[in-house]
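> Here's a sequence, model it:
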Amino acid sequence: MSDLSPPTSPVAVFAPEAPPRLTPSNYPEPYASMMAGRIKRPLGDLFGLQGFGVNHVTLPPGAISALHHRHSVQDEFVFVLTGELTLVHDAGETTLHAGSCSGFPSNGTAHHLVNRSDTEAIYLEVGDRRPGDSVSYPNDDIKAVRTASGWQFEHKDGRPYG
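The predicted model follows:
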């Protein structure tokens, strides 16, 4: 008889077939609808990862990854699997192709991705889950704080959304 318990999460998955996140975005309106078409598959959650998250993200033509943002605590990393994406950052724009990657240390460069091509693009997005993270959005009237119950969004003057 074995002392090993059966795993409570999968041992492996085929990422393109992993279940997508049910909501297209955590942002409140009017920002949530700006993420239309984006498909996030939270791979890290499938395996019960606590220290960092991994998302398999599909961006159809014309879609954006997120609002232009920077994290106060979280480091982020993206790796393009297929297609072409435009990385919009504080110093301008950079074209990313399959095999390209980019990283964003906390309190560093504000950024987001845009699919300006005529075919879908797929990338992996990796970020740590250290407590106390907040997100600033230089181009929009929104700010976010990660709490035990998830992301809380407010206007920059502190008024809550909704």
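
> Low-confidence stretches in this structure?
Judged against pLDDT under 70, the low-scoring parts of the chain cover residues 1-7.

> can you give me the strands for it?
The residue ranges that make up the strands of the chain, judged by DSSP state E, are 39-42, 52-59, 70-71, 76-82, 84-89, 92-97, 101-104, 111-114, 121-128, 134-136, 143-147, 150-154.

> Output the contacting helices and strands for the fifth one.
Spelled out, it's strand 84-89. When contacts are defined as 3 or more C-beta pairs under 8 Å, 6 or more residues apart in numbering; DSSP states H and E, strand 84-89 sits against strand 92-97, strand 111-114, strand 121-128. To be clear about C-beta, it is placed using only N, CA and C from the backbone, and glycine gets the same treatment.

> Touching the longest one from outside, list them.
In other words, strand 121-128. The contact list for strand 121-128, computed with C-beta atoms under 8 Å, 6 or more residues apart in numbering, reads 16, 40, 51-59, 65, 71, 73-85, 96, 113, 115.

> do you know how far the residue nearest to the spatial centre of the chain is from H155?
Relative to the mean C-alpha position of the chain, the nearest C-alpha, by C-alpha atoms, centre = their mean, is the one of E125, at 5.8 Å. Using C-beta to C-beta, to the nearest Å, one gets 26 Å for the distance from E125 to H155.

> So what does T119 have for phi and psi?
Taking degrees, to the nearest 10, you get phi -130, psi 160 for the backbone angles of T119.

> Adjust the sequence numbering to begin at 324 for everything that follows.
Sure, I'll start numbering at 324, so the last one becomes T442.

> For it, which non-adjacent residue is closest in space?
Counting by C-beta to C-beta, 6 or more residues apart in numbering, G406 is the residue found nearest to T442 once chain neighbours are left out, at 5.7 Å.

> ok, for the residue nearest to the centre of the chain, nearest residue in space, not its chain neighbours?
Across the structure, with C-beta to C-beta, 6+ apart as the measure, the residue nearest E448 apart from its sequence neighbours is N378 (4.4 Å).

> residues in contact with the one you found?
Shown here is N378, whose contacts under the criterion C-beta under 8 Å, 6+ apart are 363-367, 447-449.
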